[in-house]
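**Q** need a structure here:
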Amino acid sequence: MMGRMVDWGAGRYETTAAELAPVAQVVVEHTGVGAGDDVVDVACGTGNAALLAAARGARVIGVDGAPRLLDVARERAAAEGVEIDLREGDLAALPVEDAAADIVVSVFGVIFAAVPIDALREIARILRPEAHAVITAWVPAGPIDAMLGAAGRVVARTSPKPPPKRFAWSDAAAVAGIAHDAGLELVSTDAAALPIRAASPEAYVDAGREHPMALAMRPALERAGTADEARAAMLAVLREANESPTAFLVHSPYVIHRLRRVG
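**A** Next up, the predicted model:
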């Protein structure tokens, strides 16, 4: 994963990566990638989509800003017997040649770009004419979004400044607008939902303590003495939303954008 405000190599992003693996499967199937295709996985993380594309016979480049996650992806590729060209780089300056890709994918990666249009310009640059990119974005709705909002409100009470406003990556009209300026056309937007499971709401929240974004938030909570309050607020949301009578199950909505390079 790439992002300037969060150290994505910290903690245990692997836990979240495993949770997101079904989305990578959906994205790769959505592309129709096959043998001989040149694929770039932008913000590849531990390699979920890159590995699936390589297993289909594609030539794959995976780019990420976190060296540790690239090491995990290399280990996974070796274990699965597939080849992936893994490169460290930034969303605004991908270490990939012009017009190198038949397909670009980004599973909840490009949405963390500091300047969204710069990231889309880079995707347009590395795509071949008329080639496609498929990216996923979370919808600001559902239990996980509500859980994060509950924690965020606790942090906001003691934060000296409000969090930066995020670009509306789930909004097709907003994406279409900046895509046009970047040399891309939004072809379609499909809605989907990721089932998220754990042994219990408590187990889910505790596992999430090692997520890089949770680690970035923790110092502010500990300085303010509100860590327990934030945990309680998160659990209250998840317990109410839980769909399982014996464990933990919720569904987190997301969208799949398909974009085409113009010209």
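
**Q** ok, which stretches of the protein are strands?
**A** 38-42, 59-64, 85-88, 101-107, 127-138, 184-198, 248-261 (DSSP state E).

**Q** quick one, which of those is nearest to residue 217?
**A** When the strands of the chain are compared by CB to CB, strand 127-138 sits nearest residue 217, at 17.0 Å. Every residue, glycine included, has its C-beta placed from N, CA and C.

**Q** elements contacting that closest one?
**A** The helices and strands touching strand 127-138, judged by 3 or more CB pairs under 8 Å, 6 or more residues apart in numbering; DSSP states H and E, are helix 13-31, strand 101-107, strand 184-198, strand 248-261.

**Q** Can you show me the CA trace of it as PDB?
**A** C-alpha atoms of strand 127-138 as PDB (Å, rounded to 0.1, in the frame of the first residue of the first chain):
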ATOM      1  CA  LEU A 127      -1.600   2.300 -19.900                       C
ATOM      2  CA  ARG A 128      -1.500   1.500 -23.600                       C
ATOM      3  CA  PRO A 129      -4.000   3.300 -25.800                       C
ATOM      4  CA  GLU A 130      -7.600   2.000 -25.200                       C
ATOM      5  CA  ALA A 131      -6.300  -0.200 -22.300                       C
ATOM      6  CA  HIS A 132      -8.200  -0.400 -19.100                       C
ATOM      7  CA  ALA A 133      -7.700   0.100 -15.300                       C
ATOM      8  CA  VAL A 134      -9.800  -1.500 -12.600                       C
ATOM      9  CA  ILE A 135      -9.800   0.100  -9.100                       C
ATOM     10  CA  THR A 136     -11.800  -0.400  -6.000                       C
ATOM     11  CA  ALA A 137     -12.900   2.100  -3.500                       C
ATOM     12  CA  TRP A 138     -14.800   1.800  -0.200                       C
END
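
**Q** mean confidence for that strand?
**A** Taken as a whole, strand 127-138 has a mean pLDDT of 97.

**Q** which other residues reach it?
**A** Strand 127-138 is contacted by residues 23, 27, 30-31, 42, 99-111, 123, 145, 169-170, 175, 184, 187, 252-261, 263 when judged by CB atoms under 8 Å, 6 or more residues apart in numbering.

**Q** For the closest residue to residue 49 other than its chain neighbours, give me its contacts.
**A** Nearest non-adjacent residue to residue 49, counting by CB to CB, 6 or more residues apart in numbering: residue 24, 4.1 Å away. With contact taken as CB under 8 Å, 6+ apart, residue 24 is in contact with 48, 49, 52, 107.
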